[in-house]
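Participant: Predicted model, plus sequence, below.
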Amino acid sequence: MTATAQPADSPRTAAMEMIVWRPVSAHGTPDADISCLLEVQNTDDGSVRVQMGWWSGEHWIEDASGDRIERIGPYRVVAWADEPAGSLAMAGVPA
């Protein structure tokens, strides 16, 4: 018997989880020092991007640089979401 590899998007290997975006204006900020997804808006052109970061208790911090979001460019955080668990956690694989 020959085993066949399943494609990455196979229903047997795919996992799905919901991301709930919380607007800062309505929901405030997450607990300090917890990594989360940030929806960051460029205040010059209105474009939006998603990146990892956290709330320090005083400022939004970009995960990649460790610097305050407002120091990186003309940006503001408009919403945040809990960090996704990932496919292994969804499948019950211990960390």
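Facilitator: Sure thing, it's come through.

Participant: Run through the helices of this protein in chain order.
Facilitator: 24-27, 69-72, 87-90 (DSSP state H).

Participant: Could you export those helices as TSV, including mean neighbour count, mean pLDDT and distance to residue 33?
Facilitator: C-betas here are computed from N, CA, C, even on glycine. Below are these laid out as TSV (neighbours: other C-beta atoms under 10 Å; pLDDT from 0 to 100; distance: least, C-beta to C-beta, whole Å):
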stretch	mean neighbour count	mean pLDDT	distance to residue 33
helix 24-27	11	88	17
helix 69-72	14	91	15
helix 87-90	13	69	20
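
Participant: Looking at those, which is nearest to residue 45?
Facilitator: With C-beta to C-beta as the criterion, residue 45 lies closest to helix 69-72 of the helices of the chain, at 15.0 Å.

Participant: Check which helices and strands the closest one is in contact with.
Facilitator: Helix 69-72 sits against strand 60-62, strand 75-82, with contacts defined as 3 or more C-beta pairs under 8 Å, 6 or more residues apart in numbering; DSSP states H and E.
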